[in-house]
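A.B. asks: Sharing a sequence plus its predicted fold:
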2 protein chains.
Amino acid sequence: MELLKQRILKDGKIIGNDILKVDSFLNHQMDVQLFNEMGKEFYRLFAYKKITKILTIESSGIGIACIAAQYFNVPVVFAKKTEARNLDSEAYLSEVYSFTKDKTYIIRVSKNYINSKDTVLIIDDFLANGKAALGLAEIADQAGACLGGVGIAIEKGFQEGGKILREKGINLKSLAIVNSMQDGEISFAE
Amino acid sequence: MELLKQRILKDGKIIGNDILKVDSFLNHQMDVQLFNEMGKEFYRLFAYKKITKILTIESSGIGIACIAAQYFNVPVVFAKKTEARNLDSEAYLSEVYSFTKDKTYIIRVSKNYINSKDTVLIIDDFLANGKAALGLAEIADQAGACLGGVGIAIEKGFQEGGKILREKGINLKSLAIVNSMQDGEISFAE
């Protein structure tokens, strides 16, 4: 998506060789006009799947997911992060390992809000190692729902998440794929 | 706001005498159509303040804030919760005590995203003890910004937050004020 790529080039900040800071428009301050263009693009990419629910994870996926949901006209459910795997018969649980924080947390979605009649679109702001997306996909699977796809704003093409998801046959679409950030220069996949 | 009150009566679940569970439409599953009606109402209530930025806190305020921001045509900034008060000269910090979790956490907003030219509208899903709203107001104050108002979806009128904010002269508007939930019966303030 050209608009997002241009915005990354204009306002993204590279730290070291692998951190891309986009908190001026994506995940701290949020440019809701840009989110609307991203929401339209997700709709263009996934509408044919007859999505019934958008699934995301707190916190930074929520804004994009809510704006996108307006185009699909479906509710959003966000998975909550907790540290303990409490016994919870009313929720679907999955473990997610965070490389950034070097810890494993549990994500949780109430059984009331996803079921086997749903076709779920997972939306998130970033895809790097793919752990969060895989955890959300596992929750959709536990619910017996159909996974319609995974829509990502920015995929780090030089990390393994995209490859893992695509090899599993998951219908993954990323609006911008950053292939490298060598020497402060960002290059995108076609 | 009648639509929200009706929805609370229809889908809200009372647990004990003071917990109102609205996670089927507000803070786990999110009804984005309802959020749009709430966003219009916030715009009707606060547009005259010439809001330049919406400030909220992760996680459950983010969806409502993003949808509302479309009417104001301004960016959203969400405060991040952390446990440690790291030295951070680049961020405004405030302490927030959570009664639910019985712990104090630090909320943090980058200095890049609020400044003295801003008129800030704080938006959140719930107001109970008022600690989160007061923490956000303190951050707006540290930034030298004008606080245009605080917009809340559901205020628990039987807890002290609303009183504290109003006594401070804060322009607080809540779309639904629950005055009591005795014996499973919800009554609203006029």
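C.D. replies: Looks like it arrived, so ask away.
A.B. asks: A:L175 against A:E41, yeah?
C.D. replies: Yes. Contact criterion CB atoms under 8 Å: A:L175 and A:E41 qualify, at 6.0 Å. C-beta coordinates here come from the backbone N, C-alpha and C atoms, glycine included.
A.B. asks: what is in contact with the two at once?
C.D. replies: Residues touching both A:L175 and A:E41 by CB atoms under 8 Å, 6 or more residues apart in numbering or on different chains: A:M1.
A.B. asks: Neighbours of A:M181, how many?
C.D. replies: Using other CB atoms under 10 Å in any protein chain shown, A:M181 is surrounded by 19 other residues.
A.B. asks: can I assume it is in contact with A:K21?
C.D. replies: No. Using CB under 8 Å, A:M181 is not in contact with A:K21, being 10.9 Å away.
A.B. asks: Pull up the overlap in contacts between these two.
C.D. replies: With CB under 8 Å, 6+ apart, A:M181 and A:K21 have common neighbours A:I14.
A.B. asks: and the longest strand for chain A?
C.D. replies: Assignment by DSSP state E gives strand A:146-156 as the longest strand of chain A.
A.B. asks: partners of that one in the sheet?
C.D. replies: strand A:119-127 (parallel), strand A:172-180 (parallel) (DSSP bridges).
A.B. asks: Let me know the average pLDDT across that strand.
C.D. replies: Strand A:146-156 shows a mean pLDDT of 98.
A.B. asks: Give me whichever of the strands paired with strand A:146-156 is most buried.
C.D. replies: strand A:119-127 (a mean of 25; mean count of other CB atoms under 10 Å in any protein chain shown).
A.B. asks: Next, the contact list for the residue nearest the centre of chain A, please.
C.D. replies: For chain A, A:D124 is the residue whose C-alpha lies nearest the centre (CA atoms, centre = their mean; 1.8 Å). By CB under 8 Å, 6+ apart, the contact list for A:D124 reads A:T56, A:I57, A:S60, A:G61, A:I64, A:A132, A:A133, A:L136, A:V150, A:G151, A:I152, A:A153.
A.B. asks: Toward the C-terminus, what is the element adjacent to the lengthiest helix in chain A?
C.D. replies: Secondary structure of chain A read by DSSP state H shows that its longest helix is helix A:32-46. As assigned by DSSP states H and E, the chain's next helix or strand after helix A:32-46 is strand A:53-57.
A.B. asks: That next one to strand A:119-127, inter-axis angle?
C.D. replies: Put simply, strand A:53-57 runs at 30 degrees to strand A:119-127, going by axes from the mean of the first three to the mean of the last three CA atoms, to 10 degrees.
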